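A.B. asks: prediction below, plus the sequence it came from.
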Amino acid sequence: MNAAAALPPVIAIDGPSASGKGTVAQRVARALGFHYLDSGALYRLVAFAARQSGAALTDEAALGAIATTLNVRFDGDEIYLNQLVVTDSVRNEEAGKWASQVAVWPAVRAGLLARQKAFRRPPGLVADGRDMGSVVFPDARLKIFLTADAATRAERRYKQLIGKGMGANMAALLQDIRARDERDSQRSAAPLQKTDDAVLLDTTHLSIDAAVEAVLARYKAVI
Ligand code: C5P
């Protein structure tokens with residue numbers, strides 16, 4: 001058995017913002033009894049911590065230091081930073097926008113690497129993000145590239161925000177999603193892209209249930 005085969009299996013689910021990958025990844029993890037890594041939350045936390053400390057989102061050295069020393073704990077749906085619940089503050093649209101600004105810096109990505117790899121524990125891991133299959137877990141057992149067209153993603157995000165009782169504007173959401181797609185796929189450090197060995201799953205006309213089933217069926221086919 002080689003070293004990679006001895007490590008717990010990983011299912012990498014990458015894709016653009018609001019593609020539904022977080023929900024799908026969490027449900028797949030639950031179905032298999034696997035651990036779950038929401039890597040986007042780490043980038044959101046770096047951005048949030050930087051804003052709190054007054055560091056500029058362009059100060060790569062300061063952001064890299066924050067990424068390396070981040071005192072974070074995930075507990076169910078809650079996210080703790082320095083023992084304080086910050087879930088709502090890091091899950092909002094603004095934090096997502098800041099996250100994609102700090103995510104362009106190699107020092108931030110390097111600072112978060114070991115932390116992400118540490119989520120790989122028995123019996124397995126489902127990891128979602130932008131570079132799970134390309135950089136963090138290149139030896140993932142299954143790689144999925146989950147996407148949907150931008151208008152569908154904006155509509156889903158709109159319904160989600162309205163459902164939470166938060167204000168939302170369709171045109172602004174669509175504009176933000178397009179700007180984030182552009183920034184995430186055009187950056188030089190770990191850009192969002194489908195790798196050749198990833199399975200494309202377009203959920204524009206697919207329900208969450210169907211997407212979860214599709215990922216589970218693919219996984220059963222490779223184990
Ligand atoms: O997935 P989520 O929307 O929470 O991610 C927020 C931002 O963090 C993304 O727009 C992206 O710029 C960045 N990110 C990243 N690599 C990851 C996960 C997220 O660059 N693996």
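C.D. replies: Here it is on my side, so go on. This structure is a prediction, so every number in the text was calculated from the model and none was measured. Numbers count the residues shown, from 1 in each chain.

A.B. asks: buried residues, stretch 79-93. List them.
C.D. replies: Neighbour-count burial for stretch 79-93, counted by 16 or more other CB atoms under 10 Å, picks out Ile79, Leu81, Val86, Thr87, Ser89, Val90, Arg91, Asn92, Glu93. To be clear about C-beta, it is placed using only N, CA and C from the backbone, and glycine gets the same treatment.

A.B. asks: hmm, that stretch in reach of the ligand?
C.D. replies: No: against the ligand, stretch 79-93 shows no contacts by CB under 6 Å from any ligand atom, the least distance being 8.1 Å.

A.B. asks: again with stretch 95-105
C.D. replies: Yes: on the criterion CB under 6 Å from any ligand atom, stretch 95-105 is in touch with the ligand at Gly96, Ala99, Ser100, Ala103.

A.B. asks: which residues sit against that stretch?
C.D. replies: Applying CB atoms under 8 Å, 6 or more residues apart in numbering, the contact partners of stretch 95-105 are 17, 40, 43-44, 46-48, 50-51, 57-58, 60, 63-64, 89, 108-109, 130, 176, 179-180, 183-184, 187, 189.

A.B. asks: output that stretch as PDB, nothing but the C-alphas.
C.D. replies: Once non-C-alpha atoms are left out, stretch 95-105 reads as follows in PDB (Å, rounded to 0.1, in the frame of the first residue of the first chain):
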ATOM      1  CA  ALA A  95     -17.200  38.800   4.600                       C
ATOM      2  CA  GLY A  96     -17.400  36.700   1.400                       C
ATOM      3  CA  LYS A  97     -16.200  39.700  -0.600                       C
ATOM      4  CA  TRP A  98     -13.300  40.400   1.800                       C
ATOM      5  CA  ALA A  99     -12.400  36.700   1.800                       C
ATOM      6  CA  SER A 100     -11.900  36.700  -2.000                       C
ATOM      7  CA  GLN A 101      -9.600  39.700  -1.600                       C
ATOM      8  CA  VAL A 102      -7.400  38.100   1.000                       C
ATOM      9  CA  ALA A 103      -7.400  34.800  -0.900                       C
ATOM     10  CA  VAL A 104      -5.300  36.200  -3.700                       C
ATOM     11  CA  TRP A 105      -2.200  36.400  -1.500                       C
END
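
A.B. asks: residues from this protein in reach of the ligand?
C.D. replies: 17, 39-40, 43-44, 96, 99-100, 103, 129-131, 180, 184.

A.B. asks: go through the helix or strand containing Ala211 and flag the buried ones.
C.D. replies: Counting by DSSP states H and E, the element that carries Ala211 is helix 208-222. By 16+ other CB under 10 Å, the buried positions in helix 208-222 come out as Ala211, Val212, Ala214, Val215, Leu216, Arg218, Tyr219.

A.B. asks: returning to what we had before: just the ones in strands from the residues of the chain next to the ligand, please.
C.D. replies: Judged by DSSP state E, strands contain the following of those: Gly129.

A.B. asks: for Asn92, what are its contacts?
C.D. replies: Met166.

A.B. asks: how far away is it from Leu63?
C.D. replies: Asn92 sits 20 Å away from Leu63, going by CB to CB, to the nearest Å.

A.B. asks: kindly state the beta-bridge partners for the residue positioned nearest the centre of the chain.
C.D. replies: Most central in the chain under CA atoms, centre = their mean is Gly129, positioned 2.8 Å from the mean C-alpha point. Beta-bridge partners recorded for Gly129 (DSSP bridges): Asp14.
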